[in-house]
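**Student:** Requesting a structural model of the entry that follows:
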Amino acid sequence: MTLPEPIPGLVIRYAYLWGDAHRRGQEEGLKDRPCAVILVTTNQEGERIVTVLPVTHSPPADPSLAVELPPATKRRLALDNERSWVILTEANRFTWPGPDLRFARPGDLGSVAYGELPGVLFKEIKTKLLRALEARRVGLVPRTE
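**Tutor:** Predicted structure coming up:
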């Protein structure tokens, strides 16, 4: 498997753990899904720490706390045709690469990445996420090994 450099804007396939499931004591994500890398940092040990936002088909309860992926972006990333949103109310943080990465396309052992979000779309996600963070509307689920 080829592991891409984790960069902000990269869309990866990941076993995302929702915050409500984490609060119930669950440690593993039940469904692999596309996730957008929003932040990459390095800790004192030199490990890359990646923060991802989930992509879901479920319409957001509050549209100001999500960004819809345009159909053209979904096609370019080879995602399905259903409407999808990047959710801004929660994120997972993990050490790259971590055990929860999945192959982006069934049968293709080439990569865990679908591709990158367009710069304008990533900027919109980042701007709305910063607003949500300022309003304390974002939860973080730290993942374990």
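**Student:** Buried residues in the top helix by length along the chain, which are they?
**Tutor:** Longest helix in the chain by number of residues (criterion: DSSP state H): helix 119-134. Neighbour-count burial for helix 119-134 flags L121, F122, I125, K126, K128, L129, A132 (criterion: 16 or more other C-beta atoms under 10 Å). Heads up, the C-betas are built off the backbone N, CA and C, glycines and all.
**Student:** quick check: mean pLDDT across stretch 129-145?
**Tutor:** Mean per-residue pLDDT for stretch 129-145: 93.
**Student:** With stretch 69-87 instead?
**Tutor:** 98.
**Student:** farthest-separated two in the buried residues of helix 119-134?
**Tutor:** Spanning the widest gap among these are L121 and A132, at 16.4 Å by C-beta to C-beta.
**Student:** which residues sit against the longest helix of the chain?
**Tutor:** Contacts to helix 119-134, defined as C-beta atoms under 8 Å, 6 or more residues apart in numbering, come from residues 8-9, 36, 38, 53, 64-65, 67, 69-70, 73, 86, 88-89, 116-117, 138.
**Student:** Off-centre distance for the longest strand anywhere in the chain?
**Tutor:** In the chain, with assignment by DSSP state E, the single longest strand is strand 31-42. Counting by C-alpha atoms, centre = their mean, to the nearest Å, strand 31-42 is centred 3 Å from the centre of its parent chain.
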